[in-house]
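Q: sequence? don't have it. structure:
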């Protein structure tokens, strides 16, 4: 069984090692799939749902960050339907997020903000339902505003990589 | 989706809310990781399809401007 996969992304042929994610394979042919929860140094959590792509002639959408590309897959990353669903997913994320960019420390340095700008979303069509968590300043160094959490899972992934916290804590 | 359904039940829903329910349902069906999320909107969509009058008769009237 060969370890090389031959597939097509947006009509472009790709040849990658077995086990490569669709996201990584696309990057090799300079196809940019938008992501939010994926961090280059961490394994995918597939939490956000922004990186969805579609296989030709299938109604199903897959998350590119966590799905291994398979032989003879014919993948599309930017059909009108994909963009429409991605936009809905982003609106859902934003509907639970406090609308405080102007006073937020991450203003102009925020991946969620950049993605919303890419999709031209200044306000969502959904009624905002922002969870009201109190600020956590119980440590004397970090203030955590849980209202802004988008449950991307990066903090958990990062913690479980170290040996001092998470599942592998010794 | 629950929020919008509650809005309709309370008599504060609009036709736009029905469209939004359908939009959110489509996002759930397409973008969910597994069949649990993919099938979750089905009861609501079925209800809107087969009992449409139960929804539309509770909607707020659309504001019209006289020409």
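A: Now that the structure is in, tell me what you want to look at. These figures come from a predicted structure and were not determined experimentally. Numbering: from 1, shown residues only, chains lettered A, B, ... in the order given.
Q: pull the number of nearby residues for the closest residue to residue A:67 other than its chain neighbours.
A: The shortest distance from residue A:67 to any non-neighbouring residue, by CB to CB, 6 or more residues apart in numbering or on different chains, is to residue A:22 (5.3 Å). For glycine as for every other residue, the C-beta is placed from the backbone atoms N, C-alpha and C. For residue A:22, the count of nearby residues is 28 (other CB atoms under 10 Å in any protein chain shown).
Q: quickly find the element holding the residue in chain B positioned nearest to chain A.
A: Chain A sits closest to residue B:27 of chain B, with a gap of 3.6 Å, by CB to the nearest CB. Per DSSP states H and E: residue B:27 is located in helix B:15-31.
Q: need the residues that contact the helix or strand just after that helix.
A: Sequence order places helix B:35-39 as the next helix or strand after helix B:15-31, per DSSP H and E. Helix B:35-39 is contacted by residues B:28, B:29, B:30, B:32 when judged by CB atoms under 8 Å, 6 or more residues apart in numbering or on different chains.
Q: the third one touches residue A:61, doesn't it?
A: Yes - because the distance of 4.6 Å satisfies CB atoms under 8 Å, residue B:30 is recorded as touching residue A:61.
Q: name the residues contacting each of those two.
A: A:52, A:85.
Q: hmm, back to that, closest one of the contacts of helix B:35-39 to residue A:103?
A: Nearest to residue A:103 out of the contacts of helix B:35-39 is residue B:28 (CB to CB; 32.3 Å).
Q: what's the separation between the closest residue to that closest one other than its chain neighbours and residue A:30?
A: Distance criterion CB to CB, 6+ apart; nearest residue to residue B:28, sequence neighbours excluded, is residue B:41 at 4.9 Å. Distance, residue B:41 to residue A:30, using CB to CB, to the nearest Å: 36 Å.
Q: and these two? Which one has more around it.
A: Counted by other CB under 10 Å, residue B:41 and residue A:30 do not tie: residue B:41 has more neighbours, with 19 against 7.
Q: and the pLDDT at the more buried one?
A: Residue B:41 is assigned 96 on the pLDDT scale.
Q: thought it was touching residue B:24?
A: Yes - Residue B:41 lies in contact with residue B:24 (CB under 8 Å); the separation is 7.4 Å.
Q: residues shared between the contacts of these two?
A: residue B:1.
Q: who in chain A is up against chain B?
A: Chain A has residues A:46, A:49, A:52, A:59-61, A:63, A:81, A:84-86, A:88-89, A:92, A:125-127, A:129 near chain B, with proximity defined as CB under 8 Å from any CB of the partner chain.
Q: got a list of what the residue nearest to residue A:67 touches?
A: So residue A:22 contacts A:9, A:33, A:53, A:62, A:64, A:65, A:67, A:68, A:69, A:73, A:75 (CB under 8 Å, 6+ apart).
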